[in-house]
Structure formats: C-alpha cells, structure tokens
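Asker: Need coordinates for the below:
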Amino acid sequence: MRAWLLGLGLVALSAQAQANVRSIQLHLTPLVSFEPAFWRMRVIVTPQADQRAVRIETDSGGFGRVTELPLDGLGGPKVLWVEWKDLPGGVYLVVARVLTDRSVVAEDRQQARVVPRP
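Answerer: Reported below is the predicted structural model:
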C-alpha cells in the first residue's frame, strides 16, 4: 500500500513539473542561402499565463534585425511565423526568446549563413 501511494505521489509530482516546463523551438529555413537572402522562421511556443512576447533577433557583426511579437499568456498562439527579406552576406546567430514582464524564460538558437554575391 505504501509503495502504491509513493508511486502515485511521484506521478503527480512528475506531471506538475512537466506542466511548468517552458519551451520555445526555432526552425529557420534555409540555413544557407545567397544574398539578398529570404528567411522564413517558424517559432513554436508552449503557452504559459505570464508570457508577454516572443523576441527574435539576429546579428552577423555588421547587420542585425529584431522582431518582437506579442503573446497573450495562455491564450497566445502556439505557432508563430516570421519572414525576413534582403539579408546581406554573413554568418548569423538567430535567437528566439520568450519574455515575461520581468525576464527571459525560454530561448532557442540557430546559426545560418548568407553567402555574398561575388
């Protein structure tokens, strides 16, 4: 009986821990392109009540871009689409972050390359 109650308690704790997991997934395509590049990004967010925005930013050292999209907590979208056009040549680090009123609560990164024209 004790083992059964202990097992039930562990299952309940595991379910509660999984409910509090914050996640974001960034899918950028294409990872290699020629300038002027066109990127399409799909951002998958696990909705949480305190989420306020998703910020996607990139920097190649000589060029940067930022897009911030509002979220509505639990009512916010699970999938966001972002398109960036006319990116110049360079190696870029793209970072997607979920923001609350006070902090960054989830982050995902991808690296992409835009090949300059000769």
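Asker: what does stretch 111-118 rub up against?
Answerer: Contact with stretch 111-118 is made by 28, 30-35, 37, 39, 60, 87-94, as judged by CB atoms under 8 Å, 6 or more residues apart in numbering. All C-beta spots, glycine's among them, are computed from the backbone N, C-alpha and C.
Asker: buried residues in that stretch?
Answerer: Ala112, Val114 (16 or more other CB atoms under 10 Å).
Asker: from the middle of its chain, how far away would it be?
Answerer: Offset of stretch 111-118 from its chain centre (CA atoms, centre = their mean, to the nearest Å): 23 Å.
Asker: hang on, the earlier thing: drop anything exposed from the contacts of stretch 111-118.
Answerer: Leu28, Ser33, Ala37, Trp39, Ser60, Leu87, Gly89, Gly90, Tyr92, Val94.
Asker: got a list of contacts for the helix or strand containing the second one?
Answerer: Which is Ser33. Per DSSP states H and E, Ser33 falls inside strand 32-34. Strand 32-34 has contacts (CB under 8 Å, 6+ apart) with Trp39, Leu87, Ala112, Arg113, Val114, Val115, Arg117.
Asker: from these, which is closest to Thr67?
Answerer: Trp39 (10.9 Å; CB to CB).
Asker: Please report the distance of the closest one from Leu71.
Answerer: For Trp39, the distance to Leu71 (CB to CB, to the nearest Å) stands at 21 Å.
Asker: which stretches of the protein form strands?
Answerer: 24-29, 32-34, 37-45, 53-59, 64-70, 79-87, 90-99, 104-115 (DSSP state E).
Asker: The last one to strand 24-29, inter-axis angle?
Answerer: An angle of 10 degrees separates the directions of strand 104-115 and strand 24-29 when computed by axes from the mean of the first three to the mean of the last three CA atoms, to 10 degrees.
Asker: Provide a list of residues in contact with Asp24.
Answerer: Heads up, residue 24 is Ile, not Asp. With contact taken as CB under 8 Å, 6+ apart, Ile24 is in contact with Val43, Ile44, Val45, Thr46, Val54, Ala96, Arg97, Val98, Ala106, Glu107, Asp108.
Asker: Give me the buried subset of those.
Answerer: Judged by 16+ other CB under 10 Å, buried ones among those: Val43, Val45, Val54, Ala96, Arg97, Val98, Ala106, Asp108.
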